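**Q** output the structure for:
(one chain, ligands or ions: 1)
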Amino acid sequence: MKRIPHFLEINRPSILPLIAAILAIAIFILDTVTDLEIAAAVFYVAVVLMSVSFCQKRGVMLVGAACIALAILSYFLTRSGSPEAGLINCVISISAITATTYLVLKIDSARVAVYEARAQLAHIARVTALGELTASIAHEVNQPLAAVVTNGNAGLRWLTNQPPNVEKTKQTLERIVREANRASEIVGRIRNLAKKTGPQNERFNFNETVLETIALMLSEIQRNHVSLQTELQDDLPLVFGDRIQLQQVVLNLLVNAVEAMAMMEEGPHNLLVSTTNDNTRTVLFAVHDTGTGLEPDKLNRLFDAFYTTKLEGMGMGLAISRSIVEAHGGRIWATQNERRGAIFQFELPIRRAGMP
Ligand code: ADP
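**A** Now for the predicted structure:
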């Protein structure tokens, strides 16, 4: 059984193995000393079920085997009752433990398959979203490259002056290095988003992720005459989870907001992006736009897979966003903006100090 790092798992109490061990011992004692002709060892299935939460595939099989061994041992240690009934009870218990172990392993492999399919879909959606931003990204990279060329030419001129102006040449070279670094940062961000990685759990600065995503969208924002306002809370606690996946959610919401405003020829194109931590238990991310807005009767369908109102839409962005946010123990929702447009928000729980 491959361990899927479910983000909720980090809250799982570590005393579960202890409880399972105590339960197994209690069942063993009950099964050995009881005079009643009942298959008490059947309760070992509870131990096997518990073991899924803290063991990998081999561990669950070992727990199943240990439970079977305990059931057989208590059959031989039991002095009272009829040996035939005891044997039948022992066989029933062993069958129940074996069947439970097998089913538990099967269910978990199915869970792994679903998780992997979702991760692949998320990756495809991410690359598709980046594809949609190609023109904007190319423009974003082109700007520093053009600046490198301009400064390079200026530097050459300062050098060929008589006498060569070393100070001015130095300044142009510094500008070249700065612009080249900017281009390489943009390429780095795209590469990060496009790369296929397994789930990466880490604590990270969510505001930085939001700003990086906005940086990828800047040309798109300008091209659509959108005026952007950011209200990012300064002392936002670190968020725990998969940075790239959460960045994908931010990207989806921003792309949707800009697209919804691009469809409106009249009126303001105002985009407000904010992060807050008002209730101290969660980090809240919100995107307010003044786009087409949401029809009240469609609100509950927005996050369904393949729901789209766009000619070339896939209808997967919000569905994937919801599954990513929920896998992080959070929730995502949409409401109509006061005057016009929509508000999309998601909140993520904060893990407090002392937690793993
Ligand atoms: P797609 O963008 O491919 O249509 P999504 O799942 O991202 O898929 O969005 C589903 C639908 O939700 C969109 O087609 C659109 O009708 C609606 N929607 C999403 N974001 C907004 C928004 N900011 N304003 C208005 N409608 C939106």
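
**Q** contacts for stretch 227-237?
**A** Residues external to stretch 227-237 that are found in contact with it (C-beta atoms under 8 Å, 6 or more residues apart in numbering): 205-207, 210-211, 214, 221, 268-277, 283, 350. To be clear about C-beta, it is placed using only N, CA and C from the backbone, and glycine gets the same treatment.

**Q** among those residues, which ones are buried?
**A** Using 16 or more other C-beta atoms under 10 Å as the burial test, these include 206-207, 210, 214, 221, 269-277, 283, 350 as buried.

**Q** among the residues you listed, which two are most distant?
**A** H269 and I350 (32.8 Å; C-beta to C-beta).

**Q** now the host helix or strand of N151: how far from the chain's centre is it?
**A** For N151, the element it lies in under DSSP states H and E is helix 134-160. Computed by C-alpha atoms, centre = their mean, to the nearest Å, the chain-centroid distance of helix 134-160 equals 37 Å.

**Q** and it, average pLDDT?
**A** Here helix 134-160 scores 89 as its mean pLDDT.

**Q** C-terminal to the host helix or strand of E231, what's the next element?
**A** E231 is part of strand 227-232, with elements assigned from DSSP H and E. Later in the chain than strand 227-232, the nearest helix or strand by DSSP H and E is strand 239-242.

**Q** just how off-centre is that next one within its chain?
**A** 7 Å.

**Q** in whatever helix or strand comes next after that strand, what counts as buried?
**A** Sequence-wise, the next helix or strand downstream of strand 239-242 (DSSP H and E) is helix 243-262. For helix 243-262, the buried set under the neighbour-count rule, 16+ other C-beta under 10 Å, comprises 243-262.

**Q** repeat that for stretch 212-225.
**A** E212, T213, I214, L216, M217, L218, S219, E220, I221, N224.

**Q** out of the residues you listed, which is nearest to A110?
**A** Proximity to A110 was ranked across those by C-beta to C-beta; first place goes to T213, at 33.2 Å.

**Q** check which helix or strand covers E347.
**A** Going by DSSP H and E, E347 is in strand 342-349.

**Q** of the contacts of stretch 227-237, which belong to helices?
**A** Judged by DSSP state H, the subset of those located in helices is F206, N207, V210, L211, I214, I221.

**Q** just the angle between the helix or strand containing Y102 and helix 134-160, please?
**A** Counting by DSSP H and E, the element that carries Y102 is helix 83-132. Relative orientation of helix 83-132 versus helix 134-160 (axes from the mean of the first three to the mean of the last three C-alpha atoms, to 10 degrees): 50 degrees.
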